[in-house]
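Asker: let me see the structure of the following:
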Amino acid sequence: MSPPVLLAHRGWASRYPENSRVGIEAALRAGVPCVEFDVQLSADHVPVVIHDTSLERTAGHPGRVSSLTIAELAAISVHEPARFGTRFDGEPLPALADIVALLQDWPQVRAFVEIKRESAEAHGVDETVDLVSRVLAPVLERCVVISFVERAVMAARRLGAGATGWILNYYDDDSHHLADAIAPDYLICDYRKFPAAPAALWSGPWHWGSYEITDVEHALGLVARNIQVIESMAAGDLAADPRLNSGCHSGNPA
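Answerer: The predicted structure follows:
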């Protein structure tokens, strides 16, 4: 059984605005060894770190990421007012380049970078992956480029990603055959889609990852099923438990 690896889902998103620089950095300072964040493209084709195409949920703004330029997006606060009120008011929507700059101070950390389906479909898979890979270049060798879009996973491998991961929509025979064909380094799946224990998960050249895990005992149960990557919006809290922190670091940048 492999030791577990904690992955901060959209940063420390249970305590900070998701996909924000402050939330990602907080996860790093908690010693979490891997961070995950989402990437969409602006109207002028600049990669930005945000999950939704709409700005309503995270910024309380009526616009859409794909309709605004990077200059316009940079002026928007993604403080998640519905969850946090004004506590994080003024937290800017980060460009991917901003997070890359942060990661350069943390060479011991691996990033799982999710290319969102909406941008891949709107701008083309190859162009989207190419734009993202160019920005990731200073840290690309320690990035796992992930996506629900299988063509994006394959394009990322061609463009030199340190590793790739495919996120499953379904845990079924068709997906199993496609996983064998893609042969990603990681297969990532919502734990609710797995067959009930003790059924064995598919074997292959990949490591298994699962989300959204917020409870230590639940995480340990998944680890017992050979799921190595535990993805959690509360990864900073899970990192405090010695049963899950074998891969954690000191919480200090290099």
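
Asker: what are the contacting residues of stretch 167-185?
Answerer: By CB atoms under 8 Å, 6 or more residues apart in numbering, the residues outside stretch 167-185 that reach it are 114, 144, 146-148, 150, 153-154, 163-166, 187-190, 193-195, 202, 204-207. Where you see a C-beta, it was placed from the backbone N, CA and C, and this is true even at glycine.

Asker: show me how far stretch 36-51 is from its chain's centre.
Answerer: Relative to the centre of its chain, stretch 36-51 is centred 12 Å away, using CA atoms, centre = their mean, to the nearest Å.

Asker: what are the ranges of the strands in the stretch 1-150 of the chain?
Answerer: Using DSSP state E, counting those that start in this stretch, the strands found in the stretch 1-150 of the chain span residues 5-9, 34-41, 47-49, 110-115, 143-147.

Asker: for the ones you listed, give me JSON lines that also has distance to residue 67, mean neighbour count and mean pLDDT.
Answerer: JSON lines is the format used below for the strands of the stretch 1-150 of the chain (distance: least, CB to CB, whole Å; neighbours: other CB atoms under 10 Å; pLDDT from 0 to 100):
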{"stretch": "strand 5-9", "distance to residue 67": "27", "mean neighbour count": "27", "mean pLDDT": "98"}
{"stretch": "strand 34-41", "distance to residue 67": "11", "mean neighbour count": "26", "mean pLDDT": "99"}
{"stretch": "strand 47-49", "distance to residue 67": "13", "mean neighbour count": "25", "mean pLDDT": "99"}
{"stretch": "strand 110-115", "distance to residue 67": "19", "mean neighbour count": "25", "mean pLDDT": "99"}
{"stretch": "strand 143-147", "distance to residue 67": "22", "mean neighbour count": "27", "mean pLDDT": "99"}
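
Asker: a markdown table for the ones you listed, including distance to residue 212?
Answerer: Output for those, formatted as a markdown table (distance: least, CB to CB, whole Å):
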| stretch | distance to residue 212 |
| --- | --- |
| strand 5-9 | 6 |
| strand 34-41 | 11 |
| strand 47-49 | 18 |
| strand 110-115 | 14 |
| strand 143-147 | 15 |
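
Asker: wait, which of these is closest to residue 252?
Answerer: Evaluated over the strands of the stretch 1-150 of the chain, closeness to residue 252 peaks at strand 34-41, with 15.5 Å, by CB to CB.

Asker: please name the residues that touch the spatially most distant residue from the centre of the chain.
Answerer: Residue farthest from the centre of the chain, counting by CA atoms, centre = their mean, is residue 198 at 27.8 Å. Contacts here follow CB under 8 Å, 6+ apart; on that basis residue 198 touches residue 225.
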